[in-house]
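*Asks:* my questions concern the predicted model and sequence given below.
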Number of protein chains: 2
Amino acid sequence: MATIYRINMSDLTVRREEADGDLRELGGRALTSALVAAEVPPTCHALSEENKLVIAPGVLTGTGAPCAGRLSVGAKSPLTGTIKESNAGGMAALGLAALGIKALVLEGMPAGDTLYRLIVHRDGVRIEPADDLAGLGNYDTVGHLFGQFGEKVSCISIGQAGEMRAAAASIAVTDIEGRPTRHCGRGGLGAVMGSKRVKAIVVDPAGGSRPEPANAEAFKAAMRKFAEALQKHPLTGQTLPTYGTNALANVINEAGAYPTRNFSQGQFEGVEAISGERQHDVILHRDGEGTIAHPCHRGCTIRCSRIYVDESGKYVTKGPEYETVWAHGANCGIDDLDAVAQMDRLDDDFGLDTIETGATIAVAMEAGILRFGDAAAALELLREVGRKSPLGRLVASGAEVLGKVYGVARVPTVKGQAMPAYDPRAVQGIGVTYATSTMGADHTAGYAIATNVLGVGGRVDPLKPDGQVELSRNLQIATAAIDAAGLCLFVAFAVLDDPKALDAICEMFAAYHNRPFSAGDLLELGKRTLARERRFNTAAGFTAASDRLPGFFKKEKLDPHGATFNVPDEELDRVFDFA
Amino acid sequence: MATIYRINMSDLTVRREEADGDLRELGGRALTSALVAAEVPPTCHALSEENKLVIAPGVLTGTGAPCAGRLSVGAKSPLTGTIKESNAGGMAALGLAALGIKALVLEGMPAGDTLYRLIVHRDGVRIEPADDLAGLGNYDTVGHLFGQFGEKVSCISIGQAGEMRAAAASIAVTDIEGRPTRHCGRGGLGAVMGSKRVKAIVVDPAGGSRPEPANAEAFKAAMRKFAEALQKHPLTGQTLPTYGTNALANVINEAGAYPTRNFSQGQFEGVEAISGERQHDVILHRDGEGTIAHPCHRGCTIRCSRIYVDESGKYVTKGPEYETVWAHGANCGIDDLDAVAQMDRLDDDFGLDTIETGATIAVAMEAGILRFGDAAAALELLREVGRKSPLGRLVASGAEVLGKVYGVARVPTVKGQAMPAYDPRAVQGIGVTYATSTMGADHTAGYAIATNVLGVGGRVDPLKPDGQVELSRNLQIATAAIDAAGLCLFVAFAVLDDPKALDAICEMFAAYHNRPFSAGDLLELGKRTLARERRFNTAAGFTAASDRLPGFFKKEKLDPHGATFNVPDEELDRVFDFA
């Protein structure tokens, strides 16, 4: 089965199709981008009925392949105006895959104010009114839904931000414990879901079954090989399970690339207090539910997730990720891990991208709305989102808009999306990715940190322009392929260092499709996806002028290296020379 | 003399240059656009030190030519991101011309928070601190300045909106009475002035003299011929002096092109109450200072300005213009002329573009912040700007930003700038101008209403796509030339209908420069200006995809004609085929 459900929210009907032709072998980002590029007018308003929200598990999702549980969501982004794919872990992708579903396509828009929920089950998709969920945060929303549909379902939902159609709104996916902690965060896709008046999607896997690869034996062998490679690599085998993603804090700070107080410095004097090591100690020191080395979905062997508790041992949120801790921490001059955890919880509950939200708070600090370092004021500012006040709506609209409304020129965005936790002046390769990614500033689109800082996949000097374009290009291609597979991006560390990991992925594809599948085929998949995305953006009006960092990165020197971003524009324009 | 003063706000120095080469014969928009295109990096942040604010009287300004007192201000726009020129009447352009000044160029940006004022006088430009003016509206600002510098100076200033660097901030120019009622409204140029920390520019014409045309006798003859043509044309000779610009309200409403309640209808049931005829009666019926047929600067023979008073005869504001009355009236469902006048006064005082502000209030109504038709709530919303509240800052940021923050998809903007008072579905020619103008939706860029509705310059059916591209193209070219001359756009009515008017302009240019100057030369000036502007925009990242109206104009039918905008995209892309 390779079922696509088209859920027409204009007339509240559902149409079932079987994917055919090219689409049949696609999944994840490759599928969402193919459908969006083919069916959404590039110049349409992202919140109009012409936009579509495509939700797709990866090609390998649900097969038992380790770390393959990502859920891709795609649309035209209300934040950037580009095509967008954002993916998350959690349990929903596994549920969809078990039901033989390649994609849900949310189309149109209802006329009235009624909110709806979708129930995806063995026999189809049901559309039901859901006004009882109106105005609820993600935690209450999924609480209601689990109460009604039982603990075996998973939920995809939006909080108040998505209902407000705010440009920083995320889409939440429930984790193993049934909490809405995994988010398709970037690009404001929650606003698109909100514009279609869909509050939640319940995925009920009852009666479903594991997708069967065409060559089951070969697939199993490849899976084992892949699991071994992940286990063997120090980052995925040791560092990530032990310290989580926030292990990066000290590393990136050491590299002078840890953006501090709205990208005005490269090192944060308070980094120790918010580091992954400290987070590890705090979680293990406190009683209660706190835990480390926790998977965000069944079948993850890396287990970089954790559960964060307060001093009394009571659940607060999942362990805030590196990007989240940075965004609400160093970038706001805040060195209080508990305050960061509270902000993470609020973000998850309101349904906000943590990167965009932290960046927006920092721009609000630059604007003088509150002081850098004032954690209480930052929390209070964030609570405005729940109050739907003008200021709250501004916070939920992202850094670029808040900067525009307050007349701030130092706003670290590309194509309207805030930069993540690496200063491009100190890591020039990630600057190339920020500038040229088809989706605005996004570290996951081509994680040059690996080779610029972590020494994974070779080494390219992070402070020099040389080799960065080639590095970013190759990573962007590889990432697009990984995102199609439904694999967690963290498998890339092993893939970059261990030829067996790459072989294993190709062997899984080959066994799944029952045809030869080389590394070249995998890269071709990435290239085709990027080329589609790029064509969409060109038709939407993006040009080379959009593939640039804000001017201050070329002018303001960043301590401690005194660095500016100096990859020439002409080189940036060569990133997509294959497309 | 053809002096250019470069005022460097980074180091607070002034450099004097004599314009040479090409620049020497340029003025107004031709000069501001030439300087901005040559000196401002197209991709820079509009509020960064790289942007420049160029202020220039027209070529014919101060010569005694009638209706030639426009002041052009140019920069990269914080509202649209395009190059921008916005011009206004008032007395300042005459003052600059009398001092032999071709342009003031405000460059750089001071480091601290000090506000400054510039004193432009016979011997140069003085930069003085002006923290005493901080936070003042335009009325209080110019009140202080006239008190200090005497009644013979004129002032160019920003209100609170410009100080906030708000994207809808205007630049005010004082009128004959010394009131800040004439505004370079569009494109947020007040925010650029605010970013350079210049609160006001005082132009002291003492010791200056009228610019002398090279051939004074020929110039005088041409002036007389021009004045006669203006007097003879019914619009400039009768309608405009008697009823002002708002004479259009009934005409455009009759044509079904009067955008009502955020462009959801083409006729307003309350038009009578806010029409130019009613305005005329109200002004003449009330005692006090109220007057019609009033010039906004010395040397204007059209005298479309008027003075609006309250019921007790007390001055409120200049007679609100057609666009202003529409923006705060029909577009907000408000049929109360006194309420509109109060909003006009607040706009002028805060320093806000009235078109953008009215459009923003209407989008706020669409968002549900207040109800259509609620004048008291609209006034209260506008007062938020003075309080610098988050909501006030949003109102001062323009319709597109407010729409984005509130998740509204029906936002009538092009390139981020709100459409003026003509629905492009009922007047297809103005839709072509909105879509393709180098400066976002702007009626003055190519006033197709003339030929589509008023029967000036021939007739092109407003409801059909045929001929609209050619009409808009020709008008955009002619307008760019008129804007270079410093002539009020209203001279175009005579120019379109009476060959003598066009001849007279060419003869004035010829006599001024003392060389042959044909109609072809005039159009060439317009074409060169447009081509420069267009190149800037292309380098800034604008493409054909930016030259489009919002999707709903192609889908939602407009009563009473049931019209949609149907000029094909391919035709829109041919508007600039000369450039």
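*Replies:* Received the coordinates, thanks.
*Asks:* burial count for A:Arg306?
*Replies:* 27 (other C-beta atoms under 10 Å in any protein chain shown). The C-beta positions use only the backbone N, C-alpha and C, and glycine is treated the same way.
*Asks:* does it touch A:Thr245 like I think?
*Replies:* No - using C-beta atoms under 8 Å, A:Arg306 makes no contact with A:Thr245, being 9.6 Å away.
*Asks:* what residues does the stretch 351-500 of chain A have near chain B?
*Replies:* Residues of the stretch 351-500 of chain A found near chain B (C-beta under 8 Å from any C-beta of the partner chain) are A:389-391, A:393-394, A:397, A:401, A:404-409, A:411.
*Asks:* pipe these into JSON lines and attach secondary structure and pLDDT per row.
*Replies:* Formatted as JSON lines, those follow (DSSP: H, G, I helix; E, B strand; the rest coil; pLDDT from 0 to 100):
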{"residue": "A:Ser389", "secondary structure": "coil", "pLDDT": "98"}
{"residue": "A:Pro390", "secondary structure": "helix", "pLDDT": "98"}
{"residue": "A:Leu391", "secondary structure": "helix", "pLDDT": "98"}
{"residue": "A:Arg393", "secondary structure": "helix", "pLDDT": "98"}
{"residue": "A:Leu394", "secondary structure": "helix", "pLDDT": "98"}
{"residue": "A:Ser397", "secondary structure": "coil", "pLDDT": "98"}
{"residue": "A:Val401", "secondary structure": "helix", "pLDDT": "98"}
{"residue": "A:Lys404", "secondary structure": "helix", "pLDDT": "98"}
{"residue": "A:Val405", "secondary structure": "helix", "pLDDT": "98"}
{"residue": "A:Tyr406", "secondary structure": "coil", "pLDDT": "98"}
{"residue": "A:Gly407", "secondary structure": "coil", "pLDDT": "97"}
{"residue": "A:Val408", "secondary structure": "coil", "pLDDT": "97"}
{"residue": "A:Ala409", "secondary structure": "coil", "pLDDT": "95"}
{"residue": "A:Val411", "secondary structure": "coil", "pLDDT": "98"}
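*Asks:* which pair in the residues you listed spans the largest distance?
*Replies:* Spatial extent of those (C-beta to C-beta) is set by the pair A:Ser389 and A:Ala409 at 25.3 Å.
*Asks:* comparing the two, which residue is more hemmed in?
*Replies:* More neighbours surround A:Ala409 than the other of A:Ser389 and A:Ala409, with 22 against 15 (other C-beta under 10 Å).
*Asks:* so what's the more buried one up against?
*Replies:* Counting by C-beta atoms under 8 Å, 6 or more residues apart in numbering or on different chains, A:Ala409 touches A:403, A:552, B:45, B:47-48, B:195.
*Asks:* what does A:Ala168 give?
*Replies:* So A:Ala168 contacts A:79, A:161, A:188, A:352-353, A:356-357, A:360, A:395-398 (C-beta under 8 Å, 6+ apart).
*Asks:* dump those to a markdown table, plus distance to B:Val456, secondary structure and neighbour count.
*Replies:* A markdown table is the format used below for the contacts of A:Ala168 (distance: C-beta to C-beta, whole Å; DSSP: H, G, I helix; E, B strand; the rest coil; neighbours: other C-beta atoms under 10 Å in any protein chain shown):
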| residue | distance to B:Val456 | secondary structure | neighbour count |
| --- | --- | --- | --- |
| A:Leu79 | 44 | coil | 31 |
| A:Ala161 | 50 | helix | 34 |
| A:Gly188 | 46 | helix | 37 |
| A:Leu352 | 53 | strand | 33 |
| A:Asp353 | 52 | coil | 34 |
| A:Glu356 | 50 | helix | 34 |
| A:Thr357 | 53 | helix | 31 |
| A:Thr360 | 49 | helix | 29 |
| A:Val395 | 49 | helix | 31 |
| A:Ala396 | 48 | coil | 36 |
| A:Ser397 | 43 | coil | 32 |
| A:Gly398 | 45 | coil | 33 |
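*Asks:* could you single out the nearest of those to chain B?
*Replies:* The closest of the contacts of A:Ala168 to chain B turns out to be A:Ser397 (C-beta to the nearest C-beta; 4.8 Å).
*Asks:* isn't the closest one right next to B:Gly403, touching?
*Replies:* No - look at A:Ser397 against B:Gly403 with C-beta under 8 Å: they stay out of range, at 10.7 Å.
*Asks:* beta partners of A:Gln265?
*Replies:* Beta bridges link A:Gln265 to A:Thr260, judged by DSSP bridges.
*Asks:* what about dumping the CA coordinates of the helix or strand that contains A:Ser33 to PDB?
*Replies:* Remark: A:Ser33 resides in helix A:28-39, with elements defined by DSSP states H and E. Presented in PDB, the C-alpha positions along helix A:28-39 are these (Å, rounded to 0.1, in the frame of the first residue of the first chain):
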ATOM      1  CA  GLY A  28       9.500  12.200   3.800                       C
ATOM      2  CA  ARG A  29      10.800  15.500   2.500                       C
ATOM      3  CA  ALA A  30      11.200  14.200  -1.000                       C
ATOM      4  CA  LEU A  31       7.500  13.500  -1.100                       C
ATOM      5  CA  THR A  32       6.300  16.600   0.700                       C
ATOM      6  CA  SER A  33       8.400  18.800  -1.600                       C
ATOM      7  CA  ALA A  34       7.400  17.000  -4.700                       C
ATOM      8  CA  LEU A  35       3.700  17.400  -3.900                       C
ATOM      9  CA  VAL A  36       4.000  21.000  -2.800                       C
ATOM     10  CA  ALA A  37       6.100  21.900  -5.800                       C
ATOM     11  CA  ALA A  38       3.600  20.300  -8.100                       C
ATOM     12  CA  GLU A  39       0.300  21.500  -6.600                       C
END
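*Asks:* can you map out the strands along the stretch 351-500 of chain A?
*Replies:* Ranges of strands in the stretch 351-500 of chain A, per DSSP state E, counting those that start in this stretch, are A:413-414, A:417-418.
*Asks:* winner for burial among these?
*Replies:* Of all these, strand A:417-418 carries the top mean neighbour count, a mean of 31, counting by mean count of other C-beta atoms under 10 Å in any protein chain shown.
*Asks:* ok and the residue in the stretch 351-500 of chain A nearest chain B?
*Replies:* For the stretch 351-500 of chain A, C-beta to the nearest C-beta, closest residue to chain B: A:Gly407, 2.6 Å.
*Asks:* verify the stated contact: that residue with B:Ala191.
*Replies:* Yes - if you go by C-beta under 8 Å, A:Gly407 and B:Ala191 touch, sitting 6.3 Å apart.
*Asks:* now the common contact residues for those two.
*Replies:* B:47, B:78, B:164-166.
*Asks:* chain A next: which of those are close?
*Replies:* B:47, B:78, B:164-166.
*Asks:* just those residues: which are in strands?
*Replies:* Among these, no member falls in strands (DSSP state E).
*Asks:* distance to B:Lys199 and neighbour count for those - can I get that in TSV?
*Replies:* Formatted as TSV, these follow (distance: C-beta to C-beta, whole Å; neighbours: other C-beta atoms under 10 Å in any protein chain shown):
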residue	distance to B:Lys199	neighbour count
B:Leu47	16	25
B:Pro78	17	30
B:Met164	12	24
B:Arg165	13	28
B:Ala166	15	37
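*Asks:* excluding its backbone neighbours, what's nearest the residue of the stretch 101-250 of chain A found nearest chain B?
*Replies:* Residue of the stretch 101-250 of chain A nearest chain B, by C-beta to the nearest C-beta: A:Arg165 (2.6 Å). With sequence-adjacent residues excluded and distances taken as C-beta to C-beta, 6 or more residues apart in numbering or on different chains, A:Arg165 is closest to B:Gly407, at 2.6 Å.
*Asks:* contacts only, for the one you found.
*Replies:* A:47, A:78, A:164-166, A:191, A:194-195, B:367.
*Asks:* relative to A:Gly178, how far out is it?
*Replies:* To A:Gly178, B:Gly407 is 29 Å away according to C-beta to C-beta, to the nearest Å.
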